[in-house]
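**Student:** Predicted structure and sequence below. I'll ask about it afterward.
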Amino acid sequence: MFLVGLTGGISSGKSTVSSLLRELGSPLIDADVVARKVVEPNSLAYRRIVYHFGPEILLENGEIDRQKLGQLIFVSEEKRKLLNSITHPEIQKEMLKQILYYFLRGYRYVVLDVPLLFETKHLTRFLNHTVVVYCDPTTQLLRLMQRDQLTQEQAQQRLAAQMPLNEKRGLANHVVENSGSREDMHRQVLGLHSLLENSMEFLTVRVIAIAALTSLGGILLFAIKLLVSH
């Protein structure tokens, strides 16, 4: 099995591409979904967040108020680093569990949908392919203004807080161009899906796994023979 990283930027269309890949049958792990799961009430990350940021960041039902927490870390680099130090290890452990699940079920590859793939750099060394969903800056700005009902200045501030898509495009192996029509984007996703489905890269990991199991079996057999002979 091999791993594929999928990323993009705000209003670039990454979520649409992610949904299309799911519809086509690609196994996909969404880092945002995992991030919400690991901070559910009474989890380790939840307790640490409440300890460091205080109960005022909780909703009435006991869940973390993501908007209020987001406002706190947006204005403080120190608090953002603290939150990341709490959540990132838990997110990585949960993603690893899900990757192992797909591996054991015999899937050839898994797509990891990670918004901050190139910013954090924690996963890139494990990926065989990286895909960025790109759209030109003007299109991205207009989409963000329309989607979130923001002024141009507000939208520009949000975009300025992210790594530019042009920079991400230069780091990726594959680019899904999403400045045009949905039909064109859909055609590109179909091509990407076909490329992944037909890749033989999964064989390397399976051969290594089989070799490891065979070696382990040989060691166990040798140990049994020694015990029986004595």
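**Tutor:** Here it is on my side, so go on.
**Student:** how about the helices in this protein?
**Tutor:** In the chain, the helices defined using DSSP state H lie at 14-23, 31-38, 44-53, 66-74, 77-104, 117-120, 137-148, 152-160, 165-171, 182-198, 202-229.
**Student:** Give me the buried positions along the first one.
**Tutor:** Put plainly, it is helix 14-23. For helix 14-23, a neighbour-count test (16 or more other Cβ atoms under 10 Å) marks 14, 16, 17, 18, 20, 21 as buried. Glycine gets a C-beta too; all of them are placed from N, C-alpha and C.
**Student:** again, but for the third one
**Tutor:** The neighbour-count criterion (16+ other Cβ under 10 Å) identifies 45, 46, 48, 49, 50, 53 as the buried residues of helix 44-53.
**Student:** who touches the last one in this structure?
**Tutor:** Under the criterion of Cβ atoms under 8 Å, 6 or more residues apart in numbering, the contact list for residue 53 reads 69, 72, 79, 83.
**Student:** one more time with 6 Å, if that's ok
**Tutor:** By Cβ atoms under 6 Å, 6 or more residues apart in numbering, residue 53 lies in contact with nothing.
**Student:** Show the pLDDT at it.
**Tutor:** At residue 53, the model reports a pLDDT of 94.
**Student:** now do the third one
**Tutor:** We note a pLDDT of 96 for residue 48 in this prediction.
**Student:** Ignoring the adjacent residues along the chain, who's closest to it?
**Tutor:** residue 86 (4.9 Å; Cβ to Cβ, 6 or more residues apart in numbering).
**Student:** Tabulate the helices of the chain in TSV, adding columns for distance to residue 128.
**Tutor:** Compiled in TSV, those are given as follows (distance: least, Cβ to Cβ, whole Å):
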stretch	distance to residue 128
helix 14-23	16
helix 31-38	18
helix 44-53	29
helix 66-74	32
helix 77-104	13
helix 117-120	14
helix 137-148	28
helix 152-160	30
helix 165-171	15
helix 182-198	9
helix 202-229	9
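**Student:** Which among those helices is found nearest to residue 111?
**Tutor:** Ranking the helices of the chain by proximity to residue 111 (Cβ to Cβ) places helix 14-23 first, at 5.8 Å.
**Student:** What lies in contact with that closest one?
**Tutor:** 8, 28, 111, 113, 133, 176, 189.
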